[in-house]
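Engineer: Predicted structure and sequence below. I'll ask about it afterward.
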Amino acid sequence: MKRLLLACLLGASLISMANAAIDTYQFKDEGERARFRTLTEELRCPKCQNQNIADSNAPIATDLRREIFRMLEEGQSNAQIVDFLVLRYGDFVLYKPPLNARTYLLWYGPFALLGLGVLGLGVLVLRRRKGAKGSVPAALSVNERERLSALLQQNSQDSK
Amino acid sequence: MKRLVLLLPLLLFLGIALFLYRGLFLNPSALPSVLIGKAFPSFALPSVLEPGKTISQADLLGKPALVNVWATWCPSCRAEHPLLNKLAASGVTIHGINYKDQREPAQRWLRDLHNPYQLNIEDAQGSLGLDLGVTGAPETFFIDAKGIIRDKYVGVIDEQIWRTKLAPRYQQLLDEVQP
């Protein structure tokens, strides 16, 4: 009995711990709740290295959740909210970096590398194929054939 | 030509090694402020010491200054405070933003630890902090005489950092005013 009680107590304490990071917001409708969720999951907490605003316990993340909620209530669009944060915290808050001059390498680099790889492979394959064709032994000339039979004869005599 | 092609993998390796080696010494939490080069955000907030008085961005104009974001809940701010006192005594203009704090402890802090700030902005809700892209305390902004944010330092400023890194930047801002 005592053990069961202890287990229940432990379980209850776990639940309260899990709830500690969650703040409560009253949403107008499900759509707004969904938007809040996507936004907080897509935006990175500026203080943390790799956590989104939804997951982080940092005070700054709490503030940003509140700010996002406020802007949602004001009827701002997702793009407006994201812009608001980028203006203050920079592209760092975006998990999906924008396409601009500074990020061309990031976006197109992998494709460029892939292209280079394919090119290199192509060159290699082509060269090998050509090489294979080139190395087919041409028919021996008369002179060579005589030398060959002479050598073979010599060889068979030696081995006797 | 053939020899050069043979060297290619080595060169590639060296390039990647250099790139990664450099990465070992980069600070991943260094976050360049997007506000550098922009005007200090507008605000109208009470003063910590005279709550009836309102301070706005216009009060920051005229002189290059340091704007230090601090709070009584921030232990590193306490570590930084003596240096700020020293800088203020040597004539550096410093303004303070009391970030997400309570008035009473903040006033006590300024009384007990000395007040190095010319203006004490009370940002209890953290709204100015948000506009400044502040992620914690202490953070220090450098503004020029026109109120443009020119630089930002995140973390505790100590004697050495001030001398080697920050003093030249402040001097540069001063030089701009009196060429």
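Structural biologist: Looks like it came in fine. These numbers come from a predicted model, not from an experiment. Numbers count the residues shown, from 1 in each chain, chains lettered A, B, ... in the order given.

Engineer: do you know how far the most centrally placed residue in chain B is from chain A?
Structural biologist: Taking CA atoms, centre = their mean, the centroid of chain B lies closest to B:T140, which sits 1.8 Å from it. Note on B:T140: its distance to chain A, by CB to the nearest CB, to the nearest Å, is 17 Å. For the C-beta atoms, the positions are set from N, CA and C on the backbone; glycine is no exception.

Engineer: Who is that residue paired with across the strands?
Structural biologist: Beta bridges link B:T140 to B:N68, B:Y153, judged by DSSP bridges.

Engineer: Also B:N120?
Structural biologist: Beta-bridge partners of B:N120, as defined by DSSP bridges: B:G96.

Engineer: you'd agree it is up against B:P51?
Structural biologist: No: the pair B:N120 / B:P51 is not scored as a contact, 10.3 Å apart, by CB atoms under 8 Å.

Engineer: ok, the residue nearest to the centre of chain B - contacts?
Structural biologist: By CB atoms under 8 Å, 6 or more residues apart in numbering or on different chains, the residues touching B:T140 are B:L66, B:V67, B:N68, B:V69, B:K152, B:Y153, B:I157, B:L166.

Engineer: and chain A, which residues reach chain B?
Structural biologist: Applying CB under 8 Å from any CB of the partner chain, we find that chain A lies next to chain B at A:46-47, A:49, A:59-60, A:63, A:67, A:86-90, A:92.

Engineer: rerun that using 7 Å as the cut-off
Structural biologist: When proximity is defined by CB under 7 Å from any CB of the partner chain, chain A lies next to chain B at A:P46, A:K47, A:Q49, A:I60, A:D63, A:E67, A:L87, A:R88, A:Y89, A:G90, A:F92.

Engineer: Name the member of those with the most neighbours.
Structural biologist: When neighbours are counted by other CB atoms under 10 Å in any protein chain shown, A:Y89 leads those with 25 neighbours.

Engineer: ok, so what distance separates it from A:L140?
Structural biologist: 78 Å (CB to CB, to the nearest Å).

Engineer: domain ranges for chain A?
Structural biologist: For chain A, the structural domains run A:2-98, A:106-159, going by automatic domain parsing.

Engineer: the longest helix in chain B is where?
Structural biologist: Longest helix in chain B, counting residues (DSSP state H): helix B:2-24.

Engineer: Give me the helices and strands touching that helix, please.
Structural biologist: Here helix B:2-24 touches no other helix or strand, going by 3 or more CB pairs under 7 Å, 6 or more residues apart in numbering or on different chains; DSSP states H and E.

Engineer: Can you list the buried residues in that helix?
Structural biologist: Residues of helix B:2-24 include none that count as buried (16 or more other CB atoms under 10 Å in any protein chain shown).

Engineer: Return the distance of that helix from the chain's centre.
Structural biologist: 38 Å (CA atoms, centre = their mean, to the nearest Å).

Engineer: Now the element after it, going C-ward?
Structural biologist: strand B:44-46 (DSSP states H and E).

Engineer: Run through who's touching that next one.
Structural biologist: Outside strand B:44-46, the residues within contact range by CB atoms under 7 Å, 6 or more residues apart in numbering or on different chains are B:K53, B:T54, B:I55, B:S56, B:I121, B:E122, B:D123, B:L128.

Engineer: Show me how to select, in PyMOL, the buried members of the residues you listed.
Structural biologist: This is the PyMOL syntax for the buried subset of the contacts of strand B:44-46, where burial follows 16+ other CB under 10 Å:
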select buried, chain B and resi 55+121+122+123+128
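
Engineer: before we move on, back to that, which one's more surrounded, B:N120 and B:P51?
Structural biologist: Neighbour tally, B:N120 and B:P51, criterion other CB under 10 Å: the higher count belongs to B:N120, 22 against 11.

Engineer: my read: the more buried one touches B:G96, true?
Structural biologist: Yes: with contact defined as CB atoms under 7 Å, B:N120 reaches B:G96; the gap is 5.1 Å.

Engineer: got CSV for the domains of chain A, with distance to B:G147 too?
Structural biologist: Below are these laid out as CSV (distance: least, CB to CB, whole Å):
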stretch, distance to B:G147
domain A:2-98, 17
domain A:106-159, 34
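
Engineer: winner for burial among the ones you listed?
Structural biologist: The highest average neighbour count among the domains of chain A, using mean count of other CB atoms under 10 Å in any protein chain shown, belongs to domain A:2-98 at a mean of 14.
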